[in-house]
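Chemist: fold the following and give me the result.
(one chain, ligands or ions: 1)
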Amino acid sequence: MTTPQLVVHRDKELMALAAAARLITKIVDAQSARGTASVVLTGGRNGNALLAALASSPARDAVDWGRLDLWWGDERFLPEGDPERNHTQARDELLDRVPLDPARVHPMPASDGPDGDNPEAAAERYAEELAKAARPEDRLGVPAFDVLLLGVGPDTHVASLFPEHPGVRETELTVVGVRGAPKPPPTRISLTLPAIRAAREVWLLAAGEDKADAVALALSGPGEIQAPASGARGTQRTLWLLDRAAAGRIPAQLYPPASA
Ligand SMILES: O=C(O)[C@H](O)[C@@H](O)[C@H](O)[C@H](O)COP(=O)(O)O
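Modeler: Predicted coordinates for the structure are as follows:
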C-alpha cells in the first residue's frame, strides 16, 4: 500500500481552493492521457467546500465535463432530493452548474428508489453498477478511479466506515449498507475499504482543530478497524490534504518539511 503523503495548507479555505486546483489538474491530465476521467465524491463540509471552490475556479472549464464519470464514496440513505443527501449537496455546490453527461453521474440509490428502504439491496445495486463500469483489468469489479475523495471524521471514519463497525471489517463486498451509524443519519450506503483501495489516488481531506486527534491517530499506525482512515490508500498515491489546525498533533517525524 502507498505511504501517505501530507500537504498542509494555512487554513481550511485555502485547503479547499488548493485541493480544487489540484483536482482540476488531475482530471485534465487523465482526460488528456485516456480521454476520460473518474472521480469519487465525498460528503461533509470539506468535501462540499472543495466542490464549491471547483465551481468558482477560473480554470473550471479546462475540465471536459462531458467526459467525467462521477461516483460517490458514501450516501445518506434518504429519499431522492433530501437536502441531507450527499448527492443533493453536490448538485447544489457544483453538479447543476457544469455540463456533465447525466449518464456518467452515478449517485448512490435513494431510500425511495427501486429497493425501497433496504440499504443492503441498494448497496448491492450500486455494486452491480460499479461492476458494469469496470474493465476486465480492474480489480474487484470496481473501476480504477483516478481520484477518490474522502472527508475524515473526528473518530477517523471515512465514507460511512466507522471504527469497529461491520462495514470497516468487510473484505469481499465493494458496497455495503450501514445501519446505526454514529454520525446521523444512521442509515447509509458506503464503499468498503477494498473498493476504496482500488482507486489510483485516494485524497483524504481534513481541516479544523476538531480533526487534529483523528489525523494524528490515523497516521500513527493503528489498524484500519480502529482507525478506518488509516486503511484508505490508493494504488498509486495516498494524499492527506490538511490545514494547519488539523495537522497540529501529527508526530514531528511525520510533519512534511515543506508545509505551507
Ligand atoms: O456522509 C458523510 O457525512 C461523509 O461522507 C463523511 O464521511 C464525511 O466526509 C466526514 O464525516 C467528514 O465530514 P466533515 O468534512 O463535515 O467534517
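
Chemist: show me what from the stretch 51-200 of the chain comes close to the ligand.
Modeler: Within reach of the ligand by CB under 6 Å from any ligand atom, the stretch 51-200 of the chain has these residues: 74, 76, 86, 151, 152, 153, 157, 158, 159, 183. From N, CA and C alone the C-beta is placed, and that goes for glycine too.

Chemist: the strands in the stretch 51-200 of the chain, which residues?
Modeler: Taking DSSP state E, counting those that start in this stretch, the strands of the stretch 51-200 of the chain run over residues 68-72, 74-76, 147-151, 175-178, 188-191.

Chemist: chain center to the second one, what's the gap?
Modeler: The one in question is strand 74-76. 11 Å (CA atoms, centre = their mean, to the nearest Å).

Chemist: one more: the first one?
Modeler: Distance of strand 68-72 from its chain centroid, counting by CA atoms, centre = their mean, is 11 Å.

Chemist: sorry, back to before: looking at the strands of the stretch 51-200 of the chain, which is closest to residue 103?
Modeler: strand 68-72 (9.4 Å; CB to CB).

Chemist: buried sites along the closest one?
Modeler: By 16 or more other CB atoms under 10 Å, the buried positions in strand 68-72 come out as 68, 69, 70, 71, 72.

Chemist: residues in contact with the second one?
Modeler: The neighbourhood of residue 69, defined by CB atoms under 8 Å, 6 or more residues apart in numbering, consists of 36, 37, 38, 39, 104, 105, 106, 133, 143.

Chemist: try the fourth one
Modeler: Under the criterion of CB under 8 Å, 6+ apart, the neighbours of residue 71 are 38, 39, 40, 41, 106, 130, 143, 145.

Chemist: need the residues you listed in JSON lines with pLDDT, can you?
Modeler: Output for the contacts of residue 71, formatted as JSON lines (pLDDT from 0 to 100):
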{"residue": "38", "pLDDT": "98"}
{"residue": "39", "pLDDT": "98"}
{"residue": "40", "pLDDT": "99"}
{"residue": "41", "pLDDT": "98"}
{"residue": "106", "pLDDT": "98"}
{"residue": "130", "pLDDT": "98"}
{"residue": "143", "pLDDT": "97"}
{"residue": "145", "pLDDT": "98"}
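
Chemist: from those, which ones fall inside helices?
Modeler: Using DSSP state H, the members of those that fall in helices are residue 130.
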